[in-house]
Every structure is written in structure tokens, then in C-alpha cells.
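Enquirer: Build me a model:
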Amino acid sequence: MPRQNRVTPYGELITVPDRGMFWGNRGPLLDREGGLARYQAFKHAFAAGGEPPGAPEIDARMNASRLVRPGVRRTYQAPLAGLPSGTMVEIGGDAWLVTDGRLLAWTPGGYAERPVTVPHGPVTVITPRVTVAVLAAGYQPVLHPSAESAGH
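Expert: You can find the predicted model right below:
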């Protein structure tokens with residue numbers, strides 16, 4: 001029986017035939033010089049100009065921003081127009097990626113362009129507030145290649 005190999009935007013573990021991009025043989029953890037380059041960029045954006053925190057502080061703040069209590073994810077409402085690229089939102093019961101002023105539907109195999117009726121009011125933000133702040137501070141997330149090709 002296949003093992004769970006994907007995490008949905010809602011934090012659920014699922015089993016799908018699609019291969020991911022990270023962990024194990026799916027992508028390098030270290031850069032060419034042996035450093036944790038993406039981690040350093042995240043850490044500096046997390047600090048927003050202050051002293052970059054260590055992994056324990058980042059983990060604690062991320063966990064507090066992600067969960068109301070164990071097993072219950074925290075979401076919030078915000079205007080779509082103010083959200084940075086890389087943010088995940090829920091519209092009509094589905095998860096959508098905000099990227100370059102577009103919305104792309106999340107699927108276990110990547111992102112897809114689909115018709116969506118954008119609400120006039122706020123949307124439900126799935127991405128934790130702390131991560132949205134990191135994205136707003138300039139951190140560029142690594143997105144599945146389908147995000148680039150969808151709609152082009």
C-alpha cells in the first residue's frame with residue numbers, strides 16, 4: 001500500500017501517485033556551497049529587518065500562527081488584493097494559490113488555472129499570518145513548475 005506522500009494546504013496527509021519536489025531524492029536541501037540558502041533567506045524575511053531568530057523561535061511562532069489547538073488549523077479573513085504571492089486562500093471550499101495577481105487552483109499534482117468567482121469581500125487565508133508576513137517581506141517561495149505554466 002502506498003504511503004502518505006503529500007500535505008494539502010489544510011495540513012492533511014494524503015496518498016497520491018504524483019511525485020513531490022522536496023525531501024529525500026526530490027530536491028537538494030543544501031546549496032552548492034553546503035549552506036542552507038533558502039532557510040537563510042526565510043530567516044531574514046522572518047526578521048523583517050531585525051535580528052534573525054533561530055529555528056526554535058521560528059518554530060514556536062509558526063506553530064502558534066498555524067494552529068488554534070492541536071489538530072485545529074487557524075485561518076483568518078483578509079482582502080485578496082493585499083495578499084502577497086505564495087499565499088494560499090480558500091474560495092468556494094477549494095484551495096487557491098495567489099501568485100502574480102492570479103489565482104491558481106491547488107491540486108495534489110500541482111496548480112491549475114480554473115474559473116473562479118472572486119468574492120467582493122475578504123477571503124479565508126489558509127497560510128498562517130506569520131508566513132504571509134514573511135512573503136510580504138520579500139521571501140520568494142519555491143513553487144511547483146505548474147504555477148509558471150498554468151495560464152501561459
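Enquirer: from here on, contacts and neighbour counts on C-alpha atoms
Expert: Will do.
Enquirer: So which bits of stretch 45-56 are buried?
Expert: Neighbour counts using 16 or more other CA atoms under 10 Å place 45-46, 52 of stretch 45-56 among the buried residues.
Enquirer: Check stretch 4-13 too.
Expert: Quick answer for stretch 4-13 (16+ other CA under 10 Å): 6, 9.
Enquirer: now that stretch, how far from the chain's geometric center?
Expert: 12 Å (CA atoms, centre = their mean, to the nearest Å).
Enquirer: Now tell me what touches it from outside.
Expert: 14-16, 20, 73, 88, 95, 108, 126-127 (CA atoms under 8 Å, 6 or more residues apart in numbering).
Enquirer: So what sits opposite Met88 in the bridge?
Expert: Counting by DSSP bridges, Met88 is bridged to Leu97.
Enquirer: Tell me which residues touch it, please.
Expert: By CA under 8 Å, 6+ apart, the neighbours of Met88 are 9, 95-98, 125-127.
Enquirer: hmm, try it at 10 Å
Expert: 9-10, 95-99, 103-106, 124-128, 132 (CA atoms under 10 Å, 6 or more residues apart in numbering).
Enquirer: Please apply the same query to Arg66.
Expert: 11, 60, 72-75, 126-131.
Enquirer: And Gln77, by the same measure?
Expert: So Gln77 contacts 89-90, 121-126 (CA under 10 Å, 6+ apart).
Enquirer: go with 8 Å
Expert: Gln77 touches 122-125, counting by CA under 8 Å, 6+ apart.
Enquirer: now swap in Pro128 and tell me
Expert: Shown in contact with Pro128 (CA under 8 Å, 6+ apart): 62, 65-66, 74-75.
Enquirer: let's see 10 Å
Expert: Contacts of Pro128 (CA under 10 Å, 6+ apart): 61-67, 73-76, 87-88.
Enquirer: List phi and psi for it.
Expert: phi -60, psi 150 (degrees, to the nearest 10).
Enquirer: What's the separation between it and Thr117?
Expert: Using CA to CA, to the nearest Å, Pro128 is found at 23 Å from Thr117.
Enquirer: ok, now Thr87?
Expert: Counting by CA to CA, the gap from Thr87 to Thr117 is 18 Å.
Enquirer: returning to what we had before: got JSON lines for the contacts of stretch 4-13, with distance to Ala136 too?
Expert: As requested, these are exported to JSON lines (distance: CA to CA, whole Å):
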{"residue": "Ile14", "distance to Ala136": "29"}
{"residue": "Thr15", "distance to Ala136": "32"}
{"residue": "Val16", "distance to Ala136": "31"}
{"residue": "Gly20", "distance to Ala136": "25"}
{"residue": "Arg73", "distance to Ala136": "21"}
{"residue": "Met88", "distance to Ala136": "13"}
{"residue": "Ala95", "distance to Ala136": "20"}
{"residue": "Pro108", "distance to Ala136": "25"}
{"residue": "Ile126", "distance to Ala136": "15"}
{"residue": "Thr127", "distance to Ala136": "12"}
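Enquirer: Cheers, nothing more for now.
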